[in-house]
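Novice: The sequence isn't on hand, but the structure is:
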């Protein structure tokens, strides 16, 4: 038997390289071991779980106690299943789809750059799973839909209309691509069959409406003023106009900065955006494809930036651009590398950046989604505090769960799906480029593999990390198909993904669209649940968080934590006085007005998806950015009276 790198307990059979045994040690109460078989040698990573009831943990498998008579029948069964599934064919005539390897390779590149952020071949995500799509959908229809989905929806095409109704967003058009290029994409898609999922033995039935109570509309109406328009950073006609995602400030001067994922950091000068930093010029290997999470991810000024000139950033580079400090087995694909950099600015007070960068660490990520899109310092910490000068880093799961690599997330041995806390001025890390604070919860871990950098774990995508005035630390977590959540962060706690989504059971090896009631013995898993959550049934699809109002001009917002949903552009808040671990704070909806008249961000952006992001300036005032049209708005008034609807 041969050890397989990258898995907790796994063994490969020398006489059958397509089959292996995995002993699972994740916190999943449904099983403790499975027989699994590699069913896609070409991709080397697509695994199908079989025999979920076989208990391997209580009966360890090793060279000494392995029963030859037991393994041979299992191998025969697995190989029969493998061969039969490989020989199965769809009913559609696919003779027109190219099988030329060069065409498929070109299609793969186009897919990775333009489609991989929204689609994969195993699970529904922003768009539908595409495994086996060429077995059920004619290639000619796929060609026309990929080229111009909006046109097909407007023409009344039934299938296109159903997709829009289900996913509530229109896929970008690819009219600039030739037929040969699009047929290459279809040829690549044709190499992926329909995925099979292990069925979870769960307690209770699948929940079609996890949170049946609707969110009530409050009387809060907030007036907004237009602040500025950011330059378009994508091609003319492409949506969004610019990928503005974060507004923050330099703590000494109080100047506000806005980040565009495409590669630029803007300084706001008299409310006008001026380029401060251009990542593409500073880092030639910088990439912002395939979009969504990739690009210039985040920024954070050191609390003493005015004195030491230290600025921190994250950005993406192509696979293999450098040696990764955090990696996984080379049988698993790498789509991007995320890089954390410390920059020494020559003149902290200068209008534009000049200086030199020092790489702190580099990490491989399976896909271009759920990356390192959040870094921040605790704005409440003062010199002498334990938290002062320590950098918090939100690292998503990189889409690993959707791609079938569940073991990369939800582990104290791996950074994916975690919030990290480091001392960027220290040097006791494995690579010697940063420090690991001694009061981090896993510094003295039970295993030598435990990462001391981890502060909390069990997240799909910790979208925004913020603090309340009282010192509570929050992170909003973007869910998969059902639950969006606000989480109260405590050191060392496990927030559940991918065995939980919100306060519900999830099967990480099954269909991620399905959630179930928690098991009776749920307490033994020590999961920390959200303090507020909403589902996708009429309320949204991806949380955009979230700040407490710290300003002085809008007393009506005092004590409120404001957030939103990226999809329908719905605005929410919770009262921080209601936040208590183990309880669900009541979520309320609020609305906006402009020039004294009721308004919506969907109307302002001219799109069903305004793609909003919140920001907070040095005075504690709040802003909202709309990626779709690259505009910035400021919250300037508030009332608790209903708007005039007449």
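Specialist: Arrived safely. Keep in mind that what you see is a predicted model, and the values were worked out from it rather than measured. Residues are numbered from 1 along each chain as shown.

Novice: Can you show me the helices along the stretch 301-450 of the chain?
Specialist: With helices called from DSSP state H, counting those that start in this stretch, the stretch 301-450 of the chain shows them at 305-308.

Novice: where are the low-confidence patches of it?
Specialist: Residues of the stretch 301-450 of the chain meeting the criterion pLDDT under 70: 446.

Novice: Check the gap between the residue lying closest to residue 566 once chain neighbours are set aside and residue 461 for me.
Specialist: Spatial nearest neighbour of residue 566, chain neighbours left out: residue 542 (4.2 Å); criterion: CB to CB, 6 or more residues apart in numbering. Any C-beta I mention is one placed from the backbone N, CA and C, and that applies to glycine too. Going from residue 542 to residue 461 by CB to CB, to the nearest Å gives 9 Å.

Novice: What is the neighbour count of the residue nearest to residue 566?
Specialist: 19 (other CB atoms under 10 Å).

Novice: Confidence-wise, which helix or strand of the chain is lowest on average?
Specialist: Counting by mean pLDDT, DSSP states H and E, the chain has its least confident helix or strand at strand 47-50, which shows a mean of 30.

Novice: For residue 594, give me its contacts.
Specialist: Taking CB atoms under 8 Å, 6 or more residues apart in numbering, we find residue 594 in contact with 223, 224, 225, 226, 604.

Novice: Just the residues you listed: which are in helices?
Specialist: residue 604 (DSSP state H).

Novice: So residue 159: helix, strand or coil?
Specialist: Under the three-state scheme (DSSP: H, G, I helix; E, B strand; the rest coil), residue 159 adopts helix.

Novice: related to what we said a few turns ago, now, of the contacts of residue 594, which are buried?
Specialist: For those, a neighbour count by 16 or more other CB atoms under 10 Å gives the buried set as 223, 224, 604.

Novice: Serialize those to CSV and add fields for distance to residue 381 and pLDDT.
Specialist: Shown next, in CSV, are the buried ones among the contacts of residue 594 (distance: CB to CB, whole Å; pLDDT from 0 to 100):
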residue, distance to residue 381, pLDDT
223, 33, 98
224, 31, 98
604, 36, 96
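
Novice: Return the member of those nearest to residue 105.
Specialist: Nearest to residue 105, judged by CB to CB, of these is residue 604 at 42.9 Å.

Novice: and that closest one, what is it in contact with?
Specialist: By CB under 8 Å, 6+ apart, the contact set of residue 604 is 594, 610, 626, 629, 631, 633.

Novice: Any figure for the gap between it and residue 272?
Specialist: 20 Å.

Novice: coming back round to it: and the contacts of residue 594, which of them are in strands?
Specialist: 223, 224, 225, 226 (DSSP state E).

Novice: In this structure residue 568 contacts residue 537, no?
Specialist: No: between residue 568 and residue 537 there is no contact, the gap being 11.9 Å when judged by CB atoms under 8 Å.

Novice: between the two, who's got more neighbours?
Specialist: Between residue 568 and residue 537, residue 568 has the larger neighbour count (other CB under 10 Å), namely 18 against 13.

Novice: count of neighbours near the residue nearest to that one when sequence neighbours are not counted?
Specialist: Ranked by CB to CB, 6+ apart and with sequence neighbours excluded, the top spatial neighbour of residue 568 is residue 540, at 5.7 Å. Residue 540 has 22 neighbours, counted by other CB under 10 Å.

Novice: quick one: pLDDT of residue 540?
Specialist: The model reports residue 540 with a pLDDT of 79.

Novice: didn't it look like it was pressed against residue 563?
Specialist: No: Residue 540 lies out of contact with residue 563 (CB under 8 Å); the separation is 10.3 Å.

Novice: anything in contact with each of these two?
Specialist: The contact lists of residue 540 and residue 563 share no entry, where a contact means CB under 8 Å, 6+ apart.

Novice: Would you mind listing the buried residues in stretch 239-255?
Specialist: In stretch 239-255, counting by 16+ other CB under 10 Å, buried: 239-252, 255.

Novice: now the end-to-end length of that stretch.
Specialist: Start to finish, the residues bounding stretch 239-255 are 29 Å apart (CA to CA, to the nearest Å).

Novice: Going forward, count from 549.
Specialist: Shifting the count to begin at 549 puts that one at stretch 787-803.

Novice: Just the mean pLDDT for that stretch, thanks.
Specialist: 95.

Novice: For stretch 717-727, give me every contacting residue.
Specialist: With CB under 8 Å, 6+ apart, stretch 717-727 has contacts from 658, 662, 666, 674-675, 691, 693-699, 701, 712, 730, 786-787, 1089, 1115, 1156-1157.

Novice: Out of those residues, list just those in helices.
Specialist: 658, 662, 691, 693, 694, 695, 697, 698, 699, 701, 712, 730.

Novice: Pull out the buried residues from stretch 921-941.
Specialist: So for stretch 921-941, counting by 16+ other CB under 10 Å, buried means 921-926, 929, 935, 937-941.

Novice: between those, which is nearest residue 1004?
Specialist: Residue 1004 lies nearest to residue 940 out of the buried residues of stretch 921-941, by CB to CB, at 9.8 Å.

Novice: Tell me if I'm right that residue 923 and residue 846 touch.
Specialist: Yes: under the criterion of CB under 8 Å, residue 923 makes contact with residue 846 at 4.6 Å.

Novice: which residues are common contacts for the two?
Specialist: 861, 862.

Novice: that's a helix at residue 1111, yeah?
Specialist: No: with three-state DSSP as the criterion, residue 1111 is strand rather than part of a helix.

Novice: Can you tell me how far it is from residue 1094?
Specialist: For residue 1111 relative to residue 1094 (CB to CB), the value is 3 Å.

Novice: any common contacting residues for these two?
Specialist: Shared contacts of residue 1111 and residue 1094, defined by CB under 8 Å, 6+ apart, comprise 1024, 1034, 1162.

Novice: out of those residues, which is most surrounded?
Specialist: Top of the shared contacts of residue 1111 and residue 1094 by neighbour count (other CB under 10 Å): residue 1024, with 28 neighbours.

Novice: Tell me which helix or strand that residue sits in.
Specialist: strand 1021-1025 (DSSP states H and E).

Novice: Give me the contact list for that strand.
Specialist: For strand 1021-1025, contacts defined as CB under 8 Å, 6+ apart pick out 926, 942, 967, 1004, 1007-1016, 1032-1038, 1043, 1045, 1078, 1091-1094, 1109, 1111.

Novice: From the residues you listed, list just the buried residues.
Specialist: Buried among the contacts of strand 1021-1025 by 16+ other CB under 10 Å: 926, 942, 967, 1004, 1007-1016, 1032-1037, 1043, 1045, 1078, 1091-1094, 1109, 1111.

Novice: Please narrow those to those residing in helices.
Specialist: Short answer: the buried ones among the contacts of strand 1021-1025 have none in helices (DSSP H).

Novice: Mind checking which of those residues are in strands?
Specialist: 942, 967, 1004, 1010-1015, 1032-1036, 1091-1094, 1109, 1111.

Novice: ok, now how distant is the residue nearest to residue 795 when sequence neighbours are not counted from residue 796?
Specialist: Leaving aside its sequence neighbours, residue 795 sits nearest to residue 1163 (CB to CB, 6+ apart; 2.5 Å). According to CB to CB, residue 1163 and residue 796 sit 7 Å apart.

Novice: Show me what the helix or strand containing residue 776 packs onto, helices and strands only.
Specialist: Using DSSP H and E, residue 776 sits within strand 764-777. Applying 3 or more CB pairs under 8 Å, 6 or more residues apart in numbering; DSSP states H and E, one finds that strand 764-777 contacts strand 1119-1123, strand 1136-1142, strand 1179-1187.

Novice: returning to that earlier point: can you name the two of the buried residues of stretch 787-803 that are farthest apart?
Specialist: Of all the pairs that the buried residues of stretch 787-803 form, the one spanning the most space (CB to CB) is 787 and 800, at 36.8 Å.

Novice: Can you give the domain ranges for the protein?
Specialist: Listed domain ranges for the chain are 550-635, 649-737, 791-1005 (source: automatic domain parsing).
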